[in-house]
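In: Starting from these lines, generate the structure:
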Amino acid sequence: MFAVANLLMALAVILNLALSFYMWIIIARVIVSWVMPFRPGPFLHSLAYGLSRITDPVLSRIRRYIPLRGVGLDFSPFIAILIIIFLQQFLVATLLDLARRL
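Out: Sure, this is the predicted structure:
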């Protein structure tokens with residue numbers, strides 16, 4: 001039984017790290033999108049392209065379900081970060097509690 005508990009604990013830790021890393025990638029994309037108009041350059045363009053390739057699958061799905069086209073601001077990164085925080089507080093915490101009880 002301890003092997004299953006250790007497996008669940010390891011999964012929870014890896015999931016928490018992956019979610020945190022993805023949240024920081026979303027934050028970096030937002031910051032780069034703010035800086036792009038003021039400092040255009042080849043490095044910033046390639047960085048923005050790479051970050052958008054990583055984050056667009058999630059953010060485009062959020063934009064599809066919550067269309068806010070007339071607002072002028074893109075709230076999908078904010079909503080994605082809220083979803084990540086929810087998953088960390090609920091799913092990761094549930095896996096950790098389940099692993100401790102086994």
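
In: The helix or strand harbouring residue 21: what's the following helix or strand?
Out: Element membership for residue 21, per DSSP states H and E: helix 2-35. Sequence order places helix 42-65 as the next helix or strand after helix 2-35, per DSSP H and E.

In: who's in contact with stretch 31-38?
Out: The contact list for stretch 31-38 (C-beta atoms under 8 Å, 6 or more residues apart in numbering) reads 44, 45, 47, 48, 51. For every residue, glycine as well, the C-beta is placed using N, CA and C.

In: try it again with 7 Å
Out: 44, 47, 48, 51 (C-beta atoms under 7 Å, 6 or more residues apart in numbering).

In: Ok, stretch 17-30 next?
Out: 51, 52, 54, 55, 77, 80, 81, 84, 87, 88.

In: And the helix holding residue 21, how far out from the chain middle?
Out: Remark: helix 2-35 is offset 7 Å from the chain centroid, using C-alpha atoms, centre = their mean, to the nearest Å.

In: quick one: it to helix 42-65, angle?
Out: Interaxial angle of helix 2-35 relative to helix 42-65 (axes from the mean of the first three to the mean of the last three C-alpha atoms, to 10 degrees): 110 degrees.

In: Any buried residues in helix 2-35, and which?
Out: Within helix 2-35, the residues that count as buried by 16 or more other C-beta atoms under 10 Å are 8, 9, 12, 16, 19, 22, 23, 26, 28, 29, 30, 32.

In: In contact with residue 4: list those residues for me.
Out: By C-beta under 7 Å, 6+ apart, the neighbours of residue 4 are residue 102.

In: quick one: it and residue 91, what's the gap?
Out: From residue 4 across to residue 91, the span is 17 Å (C-beta to C-beta, to the nearest Å).

In: Also residue 11?
Out: 10 Å.
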